[in-house]
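Participant: Mind folding the following:
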Amino acid sequence: DVGRGGGRFLRRSGAGRGRFMEIKEKLEKGEILKKKKLSEKYGVSEKSIQRDFDTLNTYYTEKNQSKVVYNWQKEGYELQKNVNANVFTNEEILAISKILLESRAFCKEELEILLRKIANQAASSDSYKRIEKIIKNERFNYVPLQHGKPLLELIWNLSKYITDRKIIEIEYTSNIGKKKFHAVKPLSIMFSEFYFYLIVFMVNKDDEIPIVFRIDRITEVRNTNKKFDIPYNSRFEDGEFRKRIQFMYSGKLHKVKFEYTGLKEVVLDRLPTAEIKKEENLENNVKKYTIWAEIYGEEGIKMWLRSQGKKVKILED
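Facilitator: Okay, the predicted model is just below:
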């Protein structure tokens, strides 16, 4: 039983069936197979060999067992067992690559490493080439952010301090170029609007308001070897914080009330805590909504509300 895909293949000629079964047997023995050599051996085109691999992938996918993948180091195809749930599909690889390019979060060198490693999981050399072709122009014209700093190692090191609950001292450069050390309790790492941010509670402050630091502006990190603890009722929740923060401007938690004329999806997508308290029908099928939202800080939400122009009327903040 070779499944629906394999069954279709077996209904072909005897030679084709024999080739298919030999390739299947070699893969299951752990051999690395190359399309050019197989096409020469069996006297068929490389496209026919690729169809054999595709048919085998259909078979293994139906059985949820394995996947035929291209090993770039060994320059051939191999069978990876029990990987269907743990390997990116071609569609996922393309989507992730597009998100990385659009984010502009990484310097050119780190971006190239990430794109290459992700693309290497493509199911075949043809898939790899197709993905490379689709993102080629964006990749060539990629413009990294002005800071140009590698971030992956720093993000990883900060994440260890977060999980270990270690108080750290960070040297931070402000937007006017002033450097200063801050003793902080690191809570979370977030990404928003091109940048990665470190969310912290400041040490020796009674009011534990989450404070936001841009990670690319952190020039030094010192481990104080002191641990911190946060009472359960004051614990920081990343998801809830993200719903209430705009443009990563921190501050006290408060409610804002405003009227919005236009598509409600614009507000609901931007402000996850928004609640529509009233809905009115205006002329020409236009609707006006009275909205409440819970937000950290004032600058971020004011910046967004101002960007909406005449569509917004602030009632209370």
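Participant: hey, let's count contacts and neighbours off CA atoms from now on
Facilitator: OK.
Participant: Show me where this structure has its strands.
Facilitator: Here the chain has its strands, by DSSP state E, at 66-71, 76-81, 166-173, 179-192, 195-202, 211-214, 218-227, 253-261, 275-281, 287-296, 312-316.
Participant: Show me what the shortest one is packed up against.
Facilitator: Packed against strand 211-214, as judged by 3 or more CA pairs under 8 Å, 6 or more residues apart in numbering; DSSP states H and E, are the following elements: strand 195-202.
Participant: How about the first one?
Facilitator: Contacts of strand 66-71 with other secondary structure elements, assessed using 3+ CA pairs under 8 Å, 6+ apart, are made with helix 46-63, strand 76-81.
Participant: out of those, which comes closest to residue 268?
Facilitator: helix 46-63 (38.8 Å; CA to CA).
Participant: buried ones in the closest one?
Facilitator: Within helix 46-63, the residues scored as buried using 16 or more other CA atoms under 10 Å are 46, 49-50, 52-61.
Participant: Can you lay out the strands of the chain as TSV showing distance to residue 98 and mean neighbour count?
Facilitator: Below are these laid out as TSV (distance: least, CA to CA, whole Å; neighbours: other CA atoms under 10 Å):
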stretch	distance to residue 98	mean neighbour count
strand 66-71	22	22
strand 76-81	26	19
strand 166-173	31	20
strand 179-192	16	18
strand 195-202	17	21
strand 211-214	23	19
strand 218-227	27	13
strand 253-261	32	18
strand 275-281	32	13
strand 287-296	30	21
strand 312-316	33	14
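Participant: among those strands, which is nearest residue 118?
Facilitator: Proximity to residue 118 (CA to CA) singles out strand 66-71 among the strands of the chain, at 13.0 Å.
Participant: returning to what we had before: residue 38 is nearest to which of the strands of the chain?
Facilitator: strand 76-81 (10.9 Å).
Participant: Phi and psi next, for residue 207.
Facilitator: phi -90, psi 110 (degrees, to the nearest 10).
Participant: cool, and residue 286?
Facilitator: phi -90, psi 140.
Participant: Please name the residues that touch it.
Facilitator: Taking CA atoms under 8 Å, 6 or more residues apart in numbering, we find residue 286 in contact with 261, 262.
Participant: how about 7 Å then?
Facilitator: By CA atoms under 7 Å, 6 or more residues apart in numbering, the residues touching residue 286 are residue 262.
Participant: Many thanks, we can stop here.
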